[in-house]
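Q: got a sequence here, can you model it:
(one chain, ligands or ions: 1)
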Amino acid sequence: MPINQFKSEVKNRVIANGKNNELKKSAANFLKESSDAMYSYNFSWMGRPIIQYPQDMVAVQELIWQVKPDLIIEAGIAHGGSLILSASFLALLDYEDAVRNGEVLDPLKPRRKVLGVDIDIREHNKKAIQEHMLYSRIDMIEGSSIEEGTIHQVVEYAKEFDKIMLFLDSNHTHEHVLGELNAYAGLVSKGSYCVVFDTAVEDFPAEAFPHRNWGPGNNPKTAVWEYLKAHPEYMIDKEIENKIQITVAPDGYLKKVSE
Ligand SMILES: C[S@@+](CC[C@H](N)C(=O)[O-])C[C@H]1O[C@@H](n2cnc3c(N)ncnc32)[C@H](O)[C@@H]1O
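A: Numbering: from 1, shown residues only. From the prediction side, this is the model:
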């Protein structure tokens, strides 16, 4: 089958999947049951634990390949799995450039980078990230992502880069995520994405998060909705969630469509 026909079939199927209420209902059931079962803690990426769903990891891979960013900024490091995932895809983009340009690649002098921010980078996690083969393309800042000093460091760091992507996965309260969006979403390049994780909290029953200071009405999704009221340069890319169905980021895949 010619590739254009294949792509058009995928597009049409994704639209149909997005209207398939039985499929959506079973995906929502799976999300609820798997969240209770702490399924998102089951995975690792190149040796580091990553707290994500596989479907979101695949969506992120498609976005990185499509946008080809030279910087990914991440709020929320934990064990470092998502930093390593981003670094691994950026390494392959540098590899692609080298192949196409007939250049020799020096893995210790990467062009593309990942910048991670976390309020508490545990010593054992920091050490394991520093010992990872992909560490040369990772930098980390310890501090709250909404503190002025942290924001300043991130903004300065970002000045060296042309195409920026942003992943927000730290504290999941409305106020915090809105603060992060106000601080960093402006850095994202036109055509690139800001992905806000755990927007799915809005769709869970209130009793699902007994030990958290977020829940329905106060979470990343409510922050996204608030932010979008004043930021028409962003649109929610519904195609991604229609495609993957199971996602912790419904209404969280934000595409920057204008400056
Ligand atoms: C869900 S985990 C991140 C998971 C990681 N992105 C992954 O996919 O493996 C959330 C992280 O956010 C961090 N965090 C909590 N409050 C924060 C804040 N105010 N600023 C920055 N990071 C924060 C926590 O220390 C924790 O490591």
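Q: near the ligand, which residues of the stretch 151-259 of the chain are found?
A: Contact residues, the stretch 151-259 of the chain versus the ligand (C-beta under 6 Å from any ligand atom): 169, 170, 171, 176. (C-beta placed from N, C-alpha, C; glycine too.)
Q: now do the helices in the stretch 151-259 of the chain.
A: 174-184, 220-229, 238-244 (DSSP state H, counting those that start in this stretch).
Q: what is the last one packed up against?
A: Put plainly, it is helix 238-244. The elements that helix 238-244 packs onto, with contact taken as 3 or more C-beta pairs under 8 Å, 6 or more residues apart in numbering; DSSP states H and E, are helix 3-18, helix 54-67.
Q: go through those helices and name the closest to the ligand.
A: Ranking those by their distance to the ligand (criterion: C-beta to the nearest ligand atom) puts helix 54-67 first, at 8.9 Å.
Q: which residues touch the closest one?
A: By C-beta atoms under 8 Å, 6 or more residues apart in numbering, the surrounding residues in contact with helix 54-67 are 43, 45, 50, 72, 85-86, 89-90, 93, 163, 165, 167, 189, 191-193, 195, 197, 240, 243-249, 253.
Q: could the helices of the stretch 151-259 of the chain go into CSV alongside mean pLDDT?
A: Shown next, in CSV, are the helices of the stretch 151-259 of the chain (pLDDT from 0 to 100):
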stretch, mean pLDDT
helix 174-184, 98
helix 220-229, 98
helix 238-244, 98
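Q: report whether the longest helix seen in the chain contacts the ligand.
A: The longest helix of the chain (DSSP state H) is helix 81-101. Yes. Residues of helix 81-101 contacting the ligand under C-beta under 6 Å from any ligand atom: 81, 82.
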